[in-house]
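Q: from the sequence below, what's the structure:
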Amino acid sequence: MAMIRRAEAADIDAISAMIQPYIDDFAVDETGRAHFTQQNILNVLQMPDIEYFVYVETTHVVGVIAYQLPSHLVHFFVDQSHQHQGIGKKMWQFVEDKLRDEGMLEVTVNSSCYAGKIYQTFGFLPTQTVIEDRGIRFIPMKKTYLSTKTQN
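A: Numbering: from 1, shown residues only. As a prediction, the model looks like this:
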């Protein structure tokens, strides 16, 4: 049975292992890679202004999504062996519903160049060209809502 639940410190091994294959999509040097050590991921998970969730199938974490309050996505990954099964869409819908229920009128993300097209399918648009900052290459993106009413 699949479910989305809050991430816990006990999930850190699975979360870290899931993120590792993607790091070279956005980290341009060791400074960037250092943001994604197991300890740094755990630090993010434990920050009071981060809402961090995992997608669990049976007992295995196969997806993560997290946002910094009020509405900036910081982590969004699906295990490579579970892609193209709708998991990312379900996680995004879960978080989007939470944000819309909280009255957010926009959501931002710093997308990897690879994931930009995926975010566009969710309604995000680039706000700038590719940026490199602190060892990370990304495209700033934003999804804006016209009202507080939930839209899909």
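Q: ok now stretch 3-20, how far from the chain's centre?
A: Centroid separation for stretch 3-20 versus its chain: 12 Å, with Cα atoms, centre = their mean, to the nearest Å.
Q: which outside residues touch it?
A: Under the criterion Cβ atoms under 8 Å, 6 or more residues apart in numbering, residues 36, 38, 41-42, 45-46, 51-56, 60-64, 66, 75, 77-79, 90-91, 94 lie in contact with stretch 3-20. The way it works is simple: take the backbone N, C-alpha and C, and place the C-beta from them, glycine included.
Q: rerun that using 6 Å as the cut-off
A: Contact partners of stretch 3-20, identified using Cβ atoms under 6 Å, 6 or more residues apart in numbering, comprise 36, 38, 41-42, 45, 52-56, 61, 64, 77, 79, 94.
Q: cool, and stretch 65-81?
A: Here stretch 65-81 makes contact (Cβ under 6 Å, 6+ apart) with 18-19, 21, 49-53, 62-64, 87-88, 91, 95, 99, 104, 107-109.
Q: what's the lengthiest helix in the chain packed up against?
A: Assignment by DSSP state H gives helix 87-101 as the longest helix of the chain. Counting contacts by 3 or more Cβ pairs under 6 Å, 6 or more residues apart in numbering; DSSP states H and E, helix 87-101 packs against strand 60-68.
Q: the strand it packs on vs helix 87-101, what angle?
A: 30 degrees (axes from the mean of the first three to the mean of the last three Cα atoms, to 10 degrees).
Q: secondary structure class for the residue most central in space within the chain?
A: Nearest to the geometric centre of the chain sits F76, at 2.1 Å (Cα atoms, centre = their mean). Of the three states, F76 takes strand under DSSP: H, G, I helix; E, B strand; the rest coil.
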